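> got a sequence here, can you build the structure:
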Amino acid sequence: MPNYGRYQFVLVEVANGVATLTLNRPEQLNAIIPQMHLELEDVLVEVSEDPDVRAVVITGAGRAFCAGGDINAMKEDAEFLKASWVVDGPRRLIHNLVNVKQPVVCALNGAAVGVGATIALYCDMVIASESARIGDPHVKVGLVAGDGGAAIWPLLTSLVKAKELLMTGDLVDAREAERIGLVNRVVPEGKALEASLELAQRLADGATLAIQWTKLAINKVVSHALNMVLDTSLALEGITATTRDHKEGLQAFLEKRPPKFRGE
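Reported below is the predicted structural model:
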């Protein structure tokens, strides 16, 4: 069995064939920092190869699922600004998540923003709490929606709706997310994890190979979208990470004021 106890920012519990992965920076609304990103990349590979795991649940500790990339870390940590980080890290994370053999259920217990939305939407099924909100506001800090959003949103909702939400950066509430096809269903407040574990247990108790290979077949569609879109969107995100608009977007966010973008 893998040594899941070595992870600090992703807690892992395996019971009855179901692995529960909990994003674990609750005081920061599970905002992603480089070490947390690396842990999630690695644990997805380990869980996929764990013979004791037949289904996976991903959720967040505390009152949020994941608030996206940690803005303070983006401002202060040079690692976040390296081209290799902007391109390679998100690419590994998305491919590792899509390639998990077992069915993956997202327990969307609260807000999922930016890369948090990406993690949620690349799961196979999403069960959302009433209070959950989801969106990809990369453009609000002057960045291309490059870490997978441009590939997955048009698959789950319509092309025009994906354009609206990714180009405005607006978040939608759980009921609207269900209506437009981003989540499977909405459950009462505090019940997202319970409902997700019930669904994951049903899948874990099902015909393992048939379920896994059905996922493999369907995910050819996801892989095709990634092959067409991901590298381009990540490259463009990397370019926008070097712009004055991005610096202004970060500064405006930290100062809690509207940004003044100049297209440069």
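> residue contacts, the residue nearest to G110 when sequence neighbours are not counted?
Excluding its sequence neighbours, the residue lying closest to G110 (Cβ to Cβ, 6 or more residues apart in numbering) is A64, at 4.0 Å. C-beta here means a position set from N, CA and C on the backbone, and glycine is covered the same way. For A64, the contact set (Cβ atoms under 8 Å, 6 or more residues apart in numbering) comprises 26, 29-30, 109-112, 116.
> any idea how far A64 is from I32?
A64 sits 12 Å away from I32, going by Cβ to Cβ, to the nearest Å.
> which residues are in contact with each of those two?
Common neighbours of A64 and I32 (Cβ under 8 Å, 6+ apart) are G116.
> rewinding a little: just the buried residues of the contacts of A64.
The neighbour count (16 or more other Cβ atoms under 10 Å) marks 29-30, 109-112, 116 as buried among the contacts of A64.
> in CSV, list these along with pLDDT and secondary structure.
Listed next are the buried ones among the contacts of A64 as CSV, based on pLDDT from 0 to 100; DSSP: H, G, I helix; E, B strand; the rest coil:
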residue, pLDDT, secondary structure
L29, 96, coil
N30, 97, coil
N109, 97, coil
G110, 97, coil
A111, 97, coil
A112, 98, strand
G116, 97, helix
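> can those go into JSON lines with extra columns for distance to V10?
As requested, these are arranged in JSON lines below (distance: Cβ to Cβ, whole Å):
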{"residue": "L29", "distance to V10": "15"}
{"residue": "N30", "distance to V10": "10"}
{"residue": "N109", "distance to V10": "15"}
{"residue": "G110", "distance to V10": "17"}
{"residue": "A111", "distance to V10": "18"}
{"residue": "A112", "distance to V10": "16"}
{"residue": "G116", "distance to V10": "13"}
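> what helices and strands are in contact with the helix or strand containing L203?
Using DSSP states H and E, the element containing L203 is helix 192-204. Helix 192-204 makes packing contacts with strand 18-23, strand 55-60, strand 104-108, strand 125-129, strand 185-187 when contacts are defined by 3 or more Cβ pairs under 8 Å, 6 or more residues apart in numbering; DSSP states H and E.
> mind redoing it with 7 Å?
On a contact count with 3 or more Cβ pairs under 7 Å, 6 or more residues apart in numbering; DSSP states H and E, helix 192-204 meets strand 18-23, strand 55-60, strand 104-108, strand 125-129.
> what's around A241, how many residues?
Counted with other Cβ atoms under 10 Å, the neighbours of A241 add up to 22.
> again with the one 4 residues further on
D245: 18 surrounding residues under other Cβ under 10 Å.
> surely it is within a helix?
Yes. Checked against DSSP: H, G, I helix; E, B strand; the rest coil, D245 lies within a helix.
> circling back: can you tell me how far the residue nearest to G110 sits from E46?
A64 sits 25 Å away from E46, taking Cβ to Cβ as the criterion.
> can you check G142 too?
For G142, the distance to E46 - Cβ to Cβ - is 35 Å.
> more neighbours: the two, which one.
Neighbours were counted for G142 and for E46 using other Cβ under 10 Å; G142 has more, 21 against 17.
> which residues sit in contact with the more buried one?
240, 243, 245-246, 248-249, 261 (Cβ atoms under 7 Å, 6 or more residues apart in numbering).
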